[in-house]
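**Q** Predicted model follows, preceded by the sequence.
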Amino acid sequence: MGEFGFKELSIRNWLEPDNVMRAFATVSSDGRVEHLIGADWLDKVLEPSLSDRVPKKVQLLFEVARGAHAYGYFFYPLYTLAAEQLYTVAEAAIRHRCESLGAPPSLRNFVHKINWLADRGAIREDDREEWHTIRRLRNSASHPEGQAIITPGLALGSLRQIAERINDLFADA
């Protein structure tokens, strides 16, 4: 650990798993605790994906965020950057969906775009608040008071949740 509480990169350690990852494990069906290895983590990260109905520009943004999730195994703070990038991906998805449905150009911010889509049924009413939560997280990440560090599990949960929301957004596109 470096003076900031996370791995200090050096030529000797940059391709090694972050020591923090030793604290994370899985429990097998027979109750054995097994430390998480890189390939297992990568399998979990590659599982969430976007539908072919999602615009390619949004898919590209998602792949960058997913890649950062994968490399968090080697540099723990990347989990936070990856999750923050996902909020940007979600906003881009909302913007693209608004454009595809002919939203008026006067809709300039994330909150109004979410509400416009929900009011037209493009976002299920049950999901409106979840989209607003993503928006609030994006706002917090855009105006930090300090360095946030999130856990791999939280990052993976965000990856899954946002992929699902984006896929739902373009389900009938």
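**A** Yes, it's here.
**Q** Compute the number of surrounding residues for residue 45.
**A** By other C-beta atoms under 10 Å, 22 other residues sit near residue 45. Every residue, glycine included, has its C-beta placed from N, CA and C.
**Q** in the helix or strand where it lies, what counts as buried?
**A** Secondary structure assignment for residue 45, by DSSP states H and E: helix 38-46. Neighbour counts over helix 38-46 (16 or more other C-beta atoms under 10 Å) mark 41, 44, 45 as buried.
**Q** and what of stretch 129-148?
**A** Buried positions in stretch 129-148, judged by neighbour count with 16+ other C-beta under 10 Å: 130, 131, 134, 135, 137, 138, 141.
**Q** Who are the contact partners of the fifth one?
**A** This means residue 137. By C-beta atoms under 8 Å, 6 or more residues apart in numbering, the contact list for residue 137 reads 83, 87.
**Q** Tell me the spacing between the residue lying closest to residue 169 once chain neighbours are set aside and residue 152.
**A** Nearest-residue entry for residue 169: residue 97, 5.2 Å, with adjacent residues in sequence omitted and distances by C-beta to C-beta, 6 or more residues apart in numbering. Distance, residue 97 to residue 152, by C-beta to C-beta, to the nearest Å: 29 Å.
**Q** helices or strands up against the longest helix that the chain contains?
**A** Criterion DSSP state H: the longest helix present in the chain is helix 78-100. Judged by 3 or more C-beta pairs under 8 Å, 6 or more residues apart in numbering; DSSP states H and E, the packing partners of helix 78-100 are helix 56-71, helix 110-119, helix 125-142, helix 152-169.
**Q** relative to helix 78-100, how tilted is the second one?
**A** When axes from the mean of the first three to the mean of the last three C-alpha atoms, to 10 degrees is applied, the directions of helix 110-119 and helix 78-100 differ by 60 degrees.
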